[in-house]
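*Asks:* show me the folded form of this:
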Amino acid sequence: MSFSIPMLTQFPVSTPAKETTVTLSSLSGALKVQIPDSDEIPANWGVYLILGADYESPDWAGPEEPTGVYDDACDDLIKVTGVELEVPEAELEKYKNSTIELRYKFSDESSLTPCSEPVVLRIED
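*Replies:* All right, here's what the predicted structure looks like:
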């Protein structure tokens, strides 16, 4: 499975870039990241952001959010679309004047942990 690169909602572009400059002074507390909707993402997974070149042992991992919510009416999980996660500005400051890879990663009950393609963030003041 191959998942699209994360979408940086504060830097809207028609096609997500594989490298983006993030200016810390333009952020208001956090970098907002949207997980692209995909039919390959089941409703029973969790998703979280990671920073670092090694996706199996990342430098930072954010809190996990569910990719689905339980619906009493149909007695099943319903897939959530437009999931948005954040990287705290304080975490990005550690990489000032350098680059870092950002991905989203999934978790499920079977210990699968697929992740997205990276976007390279160039962190500046």
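*Asks:* got the confidence number for the residue in the chain sticking out farthest from the centre?
*Replies:* Distance to the chain centre peaks in the chain at residue 73, reaching 30.0 Å (criterion: C-alpha atoms, centre = their mean). Residue 73 is assigned 87 on the pLDDT scale.
*Asks:* with residue 79 instead?
*Replies:* 92.
*Asks:* surely residue 97 touches residue 124?
*Replies:* Yes: between residue 97 and residue 124 there is a contact under C-beta atoms under 8 Å: 6.8 Å. All C-beta spots, glycine's among them, are computed from the backbone N, C-alpha and C.
*Asks:* ok, how many other residues are close to residue 91?
*Replies:* As a burial measure, residue 91 scores 17 neighbours (other C-beta atoms under 10 Å).
*Asks:* regarding it, what is its secondary structure?
*Replies:* helix (DSSP: H, G, I helix; E, B strand; the rest coil).
*Asks:* show me the contacts for it.
*Replies:* Shown in contact with residue 91 (C-beta atoms under 8 Å, 6 or more residues apart in numbering): 51, 60.
*Asks:* distance of it from residue 59?
*Replies:* According to C-beta to C-beta, to the nearest Å, residue 91 stands 9 Å off from residue 59.
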